[in-house]
Structure formats: structure tokens, C-alpha cells
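Q: this one's structure only:
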């Protein structure tokens, strides 16, 4: 796995061992950031990488100019891998690492504190039912939530839904908080 573009283009990332982590493929990540890049400038944005795994989404955002990323992951080994990846890129000071349940983090976090959030929960996670609404309350007006999930779920028609793209069995759903009334 590697960083696709930006300051750290082509730098390799470690992936936590085992089957508990399902990293976003390079192709899907590249597509995600191409779509996002056409809608928002990442320079200086604050983001969260929820269910961080290897941290590839958040670290890609930093490589493309995000100023700060909070990585939330309940698996200690995965979170250590994210920390190692950030350290190898020299960006640890631009990161916050939380070993926590994502839904607890979302419920406890300050409203409208993020410009961008990536969420890649396990495909069979019960969190998917309430994740978009809970996460969107943390996003500033104009900001995005990008949810990665499988084809068995659709969020078309959900509040703040913008678009959906499919890549094999993986689906990216984009939500955007409106700018104002």
C-alpha cells in the first residue's frame, strides 16, 4: 500500500497483520481523492479517519495538504501501525491518535469541528445504521463525510447524500453538510 499523490507520493505504508483490517485499495483511494479534489481544496483542512486501520485515508489527506487528522481505531495493533506510518512520514505532530470506539468518539466529540471525515467500518458493522447522521453533526458547513461500505447497503436519498460510486464490491458514498440556509 502506498500514498497516491501529494507531498508523500509513492511512499509505502504498513498494513496491520491479520484479517481484522481491510485496507482501502489504491484504486479506490485514488478515485475517492479525485472526486473530493474536484469539490474541495484539502489545504489546511481538519479531518478524521474513523475505523483508521492502516491510516491510509487520513495520511493521504495529509499528503495532499490537510493540516490535521484525528485517527480513531479501537484495535491497539492497528492504531500502533497508524502511528508508525505517521512517524515514517514525519507527520506525527499533525496527527491525533485515539484508541476508542468510533461511535463513542462521535457522540462525545464537539459539534462542527471537522472539515472532512472518512469512515471505513467493517462491512457487517451495526454502526452503519446510525453512522452517517452521527458523524455529519461533526462536519462544518460545506464539509464532507465519505463512507466506504459494501453493495448490500445504499444511502441514496439519505439526508445530505451527494453521490455514490462503486468499485467492485466497494461503494463510496459522499455526504456534504450544506453551507447555510
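A: Thanks, I have the structure now. Since we're looking at a predicted model, the values are computed, not measured.
Q: quick check, central residue of this structure?
A: In the chain, the residue lying closest to the centroid (CA atoms, centre = their mean) is residue 118, at 2.0 Å.
Q: now do it against residue 98, distance only.
A: 14 Å (CB to CB, to the nearest Å). The C-beta positions use only the backbone N, C-alpha and C, and glycine is treated the same way.
Q: cool, and residue 154?
A: Taken as CB to CB, the span from residue 154 to residue 98 is 30 Å.
Q: these two: which is more packed in?
A: Of the pair residue 154 and residue 98, residue 98 is the one with more neighbours under other CB atoms under 10 Å, namely 18 against 12.
Q: for that one, name its beta-bridge partners.
A: residue 72 (DSSP bridges).
Q: right, and it touches residue 69 too?
A: No - contact criterion CB atoms under 8 Å: residue 98 and residue 69 do not qualify, at 11.1 Å.
Q: longest helix of the protein?
A: helix 76-89 (DSSP state H).
Q: any low-confidence regions in this structure?
A: Flagging of the chain using pLDDT under 70 yields the residue ranges 18-21, 181.
Q: mind listing the helices for it?
A: Using DSSP H, helices in the chain cover 26-37, 56-63, 76-89, 102-108, 131-136.
Q: who touches the first one?
A: Under the contact criterion CB atoms under 8 Å, 6 or more residues apart in numbering, helix 26-37 has outside partners 1-2, 4-5, 24, 42, 56-57, 60-61, 64, 116, 144, 146, 148, 163, 165, 167, 170, 172, 174.
Q: for the third one, same thing?
A: Residues outside helix 76-89 that contact it (CB under 8 Å, 6+ apart): 3, 8, 11, 13-18, 20-21, 49, 52-56, 58-59, 62-63, 71, 73, 92, 94-95, 97-99.
Q: what about 6 Å?
A: 8, 13-14, 16, 21, 52-55, 59, 71, 73, 92, 95, 97, 99 (CB atoms under 6 Å, 6 or more residues apart in numbering).
Q: what's the answer for stretch 136-149, then?
A: For stretch 136-149, using CB under 6 Å, 6+ apart, the contacting residues are 109, 111-120, 135, 160, 171-177, 179.
Q: got the buried residues for it?
A: Using 16 or more other CB atoms under 10 Å as the test for burial, stretch 136-149 gives 136, 138-140, 143-149.
Q: cool, and stretch 94-103?
A: 95, 97-98, 102-103.
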